[in-house]
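Participant: Predicted structure and sequence below. I'll ask about it afterward.
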Amino acid sequence: MARETAMELQDAKMNGALPSDAVDYRQEREGFLPSRGPAPGSKPVQFMDFEGKTSFGMSVFNLSNAIMGSGILGLAYAMAHTGVIFFLALLLCIALLSSYSIHLLLTCAGIVGIRAYEQLGQRAFGPAGKVVVAAVICLHNVGAMSSYLFIIKSELPLVIGTFLYMDPEGDWFLKGNLLIIIVSVLIILALALMKPLGLCILPLLGYLGYTSGLSLTCMLFFLVSVIYKKFQLGCAIGRNETAMESEAPVGLHNQGLNSSCEAQMFTVDSQMSYTVPIMAFAFVCHPEVLPIYTELCRPSKRRMQAVANVSIGAMFCMYGLTATFGYLTFYSNVEAEMLHMYSQKDPLILCVRLAVLLAVTLTVPVVLFPIRRALQQLLFPGKAFSWPRHVAIALILLVLVNVLVICVPTIQDIFGVIGSTSAPSLIFILPSIFYLRIVPSEVEPFLSWPKIQALCFGVLGVLFMAVSLGFMFANWATGQSRLSGH
């Protein structure tokens, strides 16, 4: 997300220049730039006037930052309700499908010579397509902001309570709802009011890059700590309450202890409706792919696809390790926000909580920037910068997200709803529709295998959305999501 915003700030430097006829489409399959020199007296074919300078390795780092998010905290919960083998198989499927959807996006971008998700929507369906795509991206970013603020609501009282030697449930000023309002007003709003133009662009770009790297570093620290705590605690639910008294996670006794620590390899229950949406939410990076493509050195479709494959593969490994070791520590007792399971007094976990809180607090304004930009383009196109409008949009967004976080009882509901709506739209439905609409019929007839694949891919996304939402609504109606204790 940080990279997407940074790319958007460079709009004045870049513009598309690739012709959209079938000859250039075939050439795009080999690379953005022709492998042979241009004909004498002709202008070289280029994807953009702006020439990317970012190396392959740095592009992988940037896309990994875009993929990594709060969804990693819910993956152990997803494994608890699917089983180890079934979870890893589903996670691998989501990773492969995400890679294929990036292939569709890169193909469409090569045809029309543009680098923004919203512009692909406009190219496919006109202004209405741009509005729909912008709305989906805004919905996803609002969900991401909500998940970050929910982490603050859940973890900040524990951190403050630890430093003050107080029970976070006992004092009014340690209530999570109050703390997220204070953090939103004093820190997030101040950062969100930065003007992303003119003289402020260099500090802002530095802030975005710093936040992006900090987030990935904190999540790596989180992973290492989860692995270490598994070997330190062993089976955190297999011992009796006396042995567990000194190191049991907050609220663990209230949930009840299992009599054994047997990992389930394959299981299905009512909470499985949240598992695949959590995985999908954790792999969304598609709005950032094309801006990163823009800055890639020696850009070609094959090279950018390799960047995507390496990034997705790295995140698959990181997600799989986090989920596996987190699940093997707490088994069926693991919560949707796994960090909340660990002891409040553990020094290592306290450091992890501080790192995660710092990362998510600084990331919320980064997520807010593209939402505000999209709203300004949709509601106030062509208008000059206005401080009242700039401030009003930030305030309205923060108030909306705070209300959502205060009203939503668990983070699994945020993961579930966003993972069932905007995530399948960005990963499955929109890329397939773009491919069907943008790729010329002269190049790929509608009944050709690539377009049939894209059509099936989009149908799969619609089915995934319908089934996930249906099961979640059924859980809400029957109250099973609350009976789970998470």
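Facilitator: Cool, the structure landed. Numbering: from 1, shown residues only.
Participant: what about the closest residue to residue 86 other than its chain neighbours, neighbour count?
Facilitator: Nearest residue to residue 86, sequence neighbours excluded (Cβ to Cβ, 6 or more residues apart in numbering): residue 266, at 4.7 Å. Yep, even glycine has a C-beta here, placed from its N, CA and C like the rest. Neighbour count for residue 266, taken as other Cβ atoms under 10 Å: 11.
Participant: Just the pLDDT at residue 266, thanks.
Facilitator: Residue 266 carries a pLDDT value of 88.
Participant: Please name the residues that touch it.
Facilitator: Residues in contact with residue 266 (Cβ atoms under 8 Å, 6 or more residues apart in numbering) are 82-83, 85-86.
Participant: Report the two of the residues you listed separated the most.
Facilitator: Spatially, the most separated pair among those is 82 and 85, at 8.8 Å (Cβ to Cβ).
Participant: Please spell out the PyMOL selection for the buried subset of the contacts of residue 266.
Facilitator: The following PyMOL line selects those of those that are buried, judged by 16 or more other Cβ atoms under 10 Å:
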select buried, resi 82+83+86
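Participant: quick one: which of the contacts of residue 266 sit in strands?
Facilitator: Residues of the contacts of residue 266 located in strands (DSSP state E): none.
Participant: TSV for the contacts of residue 266, including distance to residue 446 and pLDDT?
Facilitator: Listed next are the contacts of residue 266 as TSV, based on distance: Cβ to Cβ, whole Å; pLDDT from 0 to 100:
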residue	distance to residue 446	pLDDT
82	37	91
83	40	90
85	38	94
86	36	92
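Participant: Including distance to residue 397, could the contacts of residue 266 go into TSV?
Facilitator: Below are these laid out as TSV (distance: Cβ to Cβ, whole Å):
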residue	distance to residue 397
82	34
83	39
85	41
86	38
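Participant: List the ones among the contacts of residue 266 that fall in helices.
Facilitator: 85-86 (DSSP state H).
Participant: which one of the contacts of residue 266 is nearest residue 396?
Facilitator: residue 82 (38.1 Å).
Participant: For the closest residue in space to the closest one that isn't next to it in sequence, list the residues it contacts.
Facilitator: Nearest residue to residue 82, sequence neighbours excluded (Cβ to Cβ, 6+ apart): residue 275, at 5.1 Å. Residue 275 makes contact with 77-79, 81-82, 87, 90, according to Cβ under 8 Å, 6+ apart.
Participant: how about 7 Å then?
Facilitator: 78, 81-82 (Cβ atoms under 7 Å, 6 or more residues apart in numbering).
Participant: what comes up buried for stretch 393-413?
Facilitator: 393-394, 397-398, 401-402, 404-406, 408, 410-413.
Participant: next one: stretch 305-315
Facilitator: 305, 307-312, 314-315.
Participant: Can you tell me the element the residue nearest to residue 429 when sequence neighbours are not counted falls in?
Facilitator: In space, and not counting its chain neighbours, residue 429 is closest to residue 461: 4.2 Å by Cβ to Cβ, 6+ apart. Remark: residue 461 resides in helix 449-478, with elements defined by DSSP states H and E.
Participant: Looking at that helix now, give me its mean pLDDT.
Facilitator: 89.
Participant: And for stretch 131-139?
Facilitator: For stretch 131-139, mean pLDDT is 90.
Participant: and residue 189, how many neighbours?
Facilitator: 18.
Participant: Check the spacing between it and residue 183 real quick.
Facilitator: Separation of residue 189 from residue 183 (Cβ to Cβ, to the nearest Å) stands at 9 Å.
Participant: returning to what we had before: just put the contacts of residue 275 in TSV and tack on distance to residue 142.
Facilitator: Listed next are those as TSV, based on distance: Cβ to Cβ, whole Å:
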residue	distance to residue 142
78	22
81	26
82	27
